[in-house]
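Trainee: I'll drop the sequence and a predicted model, then ask my questions.
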Amino acid sequence: MDPLTRVRISPGLPNKSESFSEKKTETLLFHQLDELNPVLVPNLNMVVSNFDDYCSINERLEPRVTRDYRNIAKRFLKHSNGVISTETIRSYLSGYLNKAPKTYNNQLDGLRAFIARYLKRSDLMEGFRKAHVSNNHDVELPNKRQLKKGFEALGDDRERAVYLFYATTGLRRSELLRLNRFEDIDYIFDDILKRLNEKTLQSCELIWCRDRKNCKYR
């Protein structure tokens, strides 16, 4: 490939090669010299903005995940000064070796979305594996007395309602805040539709309906 030939990479489209003078370099979002050399990103803000659109439109990720991936891409590009290579990826991830395994894995997921799927350079992500996450965590849950103390310290009914939802449903904050009281809650079964749909007949707490043949959640 000619030294002045760059490869324009458009997400979701085939790669298109074109020759141009050095003056046109700044018009590209990113370019690469060949399959072995790193990707160079001269316009970081524009690439991050386009990656944000890719996550929300092409991959249909949740807003929270899109935001997290965008921030990971932004931090990585700032760390690597716009140079994307196996070495800069390794250097970036090394800063998370002493973090929780899930934190490291979240960074890796974001880089895979940005580099392997958006930039179409999966070759640069080969060899990077997720950290092992142990399921044997000794988590000390609050007892009933502590829950009651926290409940009584709250100032209004809305705060108490949110507090009880957290304590009894196991929902994430984003899931809780998205709940629609008319569409997402079954007031007959006194539970959230998502939880009801995930229950099995044996795990249903509603003993009076276990033998119902026409239960809409079975």
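Mentor: Good, I have the coordinates. None of these values were measured; they are calculated from a predicted model.

Trainee: Next, the buried residues of the longest helix anywhere in the chain.
Mentor: With secondary structure taken from DSSP state H, the chain has its longest helix at helix 63-80. Neighbour counts over helix 63-80 (16 or more other Cβ atoms under 10 Å) mark 65-66, 68-70, 72-74, 76-77, 80 as buried. To be clear about C-beta, it is placed using only N, CA and C from the backbone, and glycine gets the same treatment.

Trainee: ok, the residue nearest to F114 when sequence neighbours are not counted - contacts?
Mentor: In this structure, F114 finds its nearest non-sequential neighbour in A73, 4.3 Å apart by Cβ to Cβ, 6 or more residues apart in numbering. With contact taken as Cβ atoms under 8 Å, 6 or more residues apart in numbering, A73 is in contact with 47-48, 51, 110-111, 114.

Trainee: Distance check, A73 against L61.
Mentor: Going from A73 to L61 by Cβ to Cβ, to the nearest Å gives 13 Å.

Trainee: related to what we said a few turns ago, columns pLDDT and neighbour count on top of the contacts of A73, output as a markdown table?
Mentor: Listed next are the contacts of A73 as a markdown table, based on pLDDT from 0 to 100; neighbours: other Cβ atoms under 10 Å:
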| residue | pLDDT | neighbour count |
| --- | --- | --- |
| V47 | 94 | 22 |
| V48 | 95 | 19 |
| F51 | 96 | 26 |
| G110 | 97 | 22 |
| L111 | 97 | 21 |
| F114 | 97 | 25 |
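
Trainee: Let me know the closest of those to I57.
Mentor: Within the contacts of A73, proximity to I57 (Cβ to Cβ) peaks at F51, which comes in at 10.9 Å.

Trainee: Am I right that the closest one is in contact with I72?
Mentor: No: with contact defined as Cβ atoms under 8 Å, F51 does not count as touching I72 (9.9 Å).

Trainee: Give me the common contacts of those two.
Mentor: Shared contacts of F51 and I72, counting by Cβ under 8 Å, 6+ apart, come down to F114.

Trainee: if we can go back for a sec, between the contacts of A73, which is nearest T86?
Mentor: Distance to T86 across those (Cβ to Cβ) is lowest for L111, with 11.4 Å.

Trainee: Show residues contacting the host helix or strand of that closest one.
Mentor: Using DSSP states H and E, L111 maps to helix 101-111. Residues from elsewhere that reach helix 101-111, judged by Cβ under 8 Å, 6+ apart: 68-69, 71-73, 76, 89, 92-93, 96-97, 125, 128, 130-134.

Trainee: same for the next helix or strand after it, what does it pack against?
Mentor: Proceeding C-terminally, helix 101-111 gives way to helix 144-152 as the next helix or strand, assigned by DSSP H and E. Judged by 3 or more Cβ pairs under 8 Å, 6 or more residues apart in numbering; DSSP states H and E, the packing partners of helix 144-152 are helix 157-169.

Trainee: Fine, thanks again, bye for now.
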